[in-house]
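Trainee: Everything below, folded, please.
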Amino acid sequence: MSGIVIVGAGQAGFQLCASLRQAGFTGALTIVGEEPALPYSRPPLSKAYLAGEAARDALALRPVAFYAEHDVTALTSERVTSIDRAERLVRLQSGGIIAYDHLVLATGARNRPLLVPGANLPGVLQLRTIADADALMAEMGRARSVAIVGAGFIGLEFAAVCAAMGISVTVLEGAGRVLSRSVSAPMAAAIEVAHVSAGVIFVYDAVVSAVTGAARADGVATSDGRRFPADLVLVGIGVLPNGELATDAGLAVSSGIDVDAFLATSDPSISAIGDCVNVPSPFADGARVRIESVQNAVDGARCLAARLTGKPAPYAAVPWFWSDQGPLKLQIAGLGTPHNLAVVRGEPASGAFSTFCYRGGRLVGVESLNRAADHMIARRLLQSGASLAPEQAADPAFNLKALALNAGR
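Mentor: This is a model prediction of the structure:
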């Protein structure tokens, strides 16, 4: 193999470059990214970067010198427009053509748009890239009130930053609670209480019908006739996988680019990793899932690098996630949604507890709030498949650490 081309310069694409070189791959290696910046870390954008606690340069995944030192051709501000599978080449928007022996799609995802009147007014923003974060920071400097559409991770992280700055925050959520698709009801309730104590206002079962304003946004209207004034509107209603390039090339795509357990697409010369893929997971009973996390990007890239350098193994890393929301550090291990039993360990009122989620009597996910030790134990338990009964999880005297240490032995 003499040449690997990676489409997408996010966490997954970068990690694949690094892992391939670490694994001894010496062939040509090219990574193509649409943004002007070299690969950078996105999680701080909604937290430390917006709060002014992380400098722009500190976001870079590696210094500029890394790419020359590791013989990686990094193309920025460039977009792949099509794939010619027969000739094994990609065409660029600039007119260039790059041949490949193996192609990797790490195209990520994009923000889901808010499809209502006024959604394109100045003052209505989303957050995905460093350019988005810079635009938000500029708006936050003049905003006295913010409306956030969506009580997901991005919305809550942004709410925490705004509240800490003294900006009035109203969160409009279409479901009946925060993080309705991501965490259990006990965890959601505790997170809501913490945000409310910081001054955040939540409006549930809210169907946004329009963003109001003339020259720029001045509020958000809901279908029941209410209006919520705001100087700035952040839309955080989820993402859509970037699978169009794969679809146009005739690859199998469903709710993401379909890959097998080894991250190969329906074309053996093309693989896919990161937020854009739909992969069968042992942590979803073998069903296909699309996982949006840094962990999935990093572990998937390492798995693929091993296969491309002669050490194939199915992708079986435990999914895990985190979200920093002001003083709250939420860590999630496994895929706990859906579940039919949620067992609380610790005292939610203390601000530090965990929820153990069970599906069909089997532990499938653990959510930990300000309890990092529980999170690390949970990852080990889930990876090993160790048995933990609900009554054991709920018993504060039960030694979880000992069970985890013995797991898999």
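Trainee: lowest confidence element among the helices and strands of this protein?
Mentor: helix 400-406 (a mean of 90; mean pLDDT, DSSP states H and E).
Trainee: What are the boundaries of the strands in the stretch 151-300 of the chain?
Mentor: Counting by DSSP state E, counting those that start in this stretch, the stretch 151-300 of the chain has strands at residues 168-172, 201-203, 208-213, 217-222, 227-229, 232-235, 239-241, 253-254, 256-258, 270-272, 277-280, 288-289.
Trainee: any residues touching the second one, and which ones?
Mentor: So the one you mean is strand 201-203. 151, 168-173, 178, 192, 195-196, 222, 226, 228 (C-beta atoms under 8 Å, 6 or more residues apart in numbering). Where C-beta positions appear, they are placed from N, C-alpha and C, glycine not excepted.
Trainee: Kindly supply the ChimeraX command isolating those of these that are buried.
Mentor: Typed into ChimeraX, the line below selects the buried ones among those, using 16 or more other C-beta atoms under 10 Å:
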select :151,168,169,170,171,172,173,178,192,195,222,228
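Trainee: Can I get stretch 224-239 in PDB? Just the C-alpha atoms.
Mentor: Coordinates of the C-alpha atoms in stretch 224-239 are reproduced here as PDB (Å, rounded to 0.1, in the frame of the first residue of the first chain):
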ATOM      1  CA  ASP A 224     -48.500  28.300  21.900                       C
ATOM      2  CA  GLY A 225     -48.200  32.100  21.300                       C
ATOM      3  CA  ARG A 226     -45.400  32.900  23.800                       C
ATOM      4  CA  ARG A 227     -42.400  35.000  22.900                       C
ATOM      5  CA  PHE A 228     -39.000  35.000  24.700                       C
ATOM      6  CA  PRO A 229     -36.900  38.200  24.200                       C
ATOM      7  CA  ALA A 230     -33.200  37.600  23.500                       C
ATOM      8  CA  ASP A 231     -30.300  39.500  22.200                       C
ATOM      9  CA  LEU A 232     -28.600  36.300  21.000                       C
ATOM     10  CA  VAL A 233     -30.100  32.900  20.000                       C
ATOM     11  CA  LEU A 234     -28.100  29.700  20.000                       C
ATOM     12  CA  VAL A 235     -29.500  26.700  18.100                       C
ATOM     13  CA  GLY A 236     -28.400  23.400  19.500                       C
ATOM     14  CA  ILE A 237     -30.800  20.800  18.200                       C
ATOM     15  CA  GLY A 238     -28.400  18.000  17.200                       C
ATOM     16  CA  VAL A 239     -26.400  17.100  14.200                       C
END
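Trainee: Next up, the contacts around the residue lying closest to P390 once chain neighbours are set aside.
Mentor: Closest residue in space to P390, ignoring its immediate chain neighbours: V343 at 4.8 Å, by C-beta to C-beta, 6 or more residues apart in numbering. By C-beta under 8 Å, 6+ apart, the contact set of V343 is 355-358, 390, 393-394.
Trainee: quick one, domains of the chain?
Mentor: Domain assignment for the chain by automatic domain parsing gives 3-110+240-308, 124-237, 327-406.
Trainee: Just the pLDDT for A23.
Mentor: Reported pLDDT at A23 in the predicted model: 97.
Trainee: Could you pull up the contacting residues of it?
Mentor: 305-306, 308-309, 311.
Trainee: Same question for A60.
Mentor: 37-41.
Trainee: Got a quick ChimeraX command for the buried subset of the contacts of A23?
Mentor: Buried residues among those (16+ other C-beta under 10 Å), as a ChimeraX selection:
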select :305,306,308,309
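Trainee: what would the contacts of A23 look like in JSON lines with secondary structure?
Mentor: Converted to JSON lines, these look like this (DSSP: H, G, I helix; E, B strand; the rest coil):
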{"residue": "A305", "secondary structure": "helix"}
{"residue": "A306", "secondary structure": "helix"}
{"residue": "L308", "secondary structure": "helix"}
{"residue": "T309", "secondary structure": "coil"}
{"residue": "K311", "secondary structure": "coil"}
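Trainee: closest to A160 among the contacts of A23?
Mentor: A305 (35.5 Å; C-beta to C-beta).
Trainee: quick one, helices of this structure?
Mentor: 11-22, 65-69, 130-140, 153-164, 185-197, 244-248, 294-308, 372-384, 390-394, 400-406 (DSSP state H).
Trainee: tell me, which of those is the model least confident about?
Mentor: Looking at the helices of the chain, the bottom one is helix 400-406 with a mean of 90.
Trainee: Show me what that one is packed up against.
Mentor: With contacts defined as 3 or more C-beta pairs under 8 Å, 6 or more residues apart in numbering; DSSP states H and E, helix 400-406 has these neighbours: helix 372-384.
Trainee: tell me how far the helix it packs on is from the chain's mean position?
Mentor: 20 Å (C-alpha atoms, centre = their mean, to the nearest Å).
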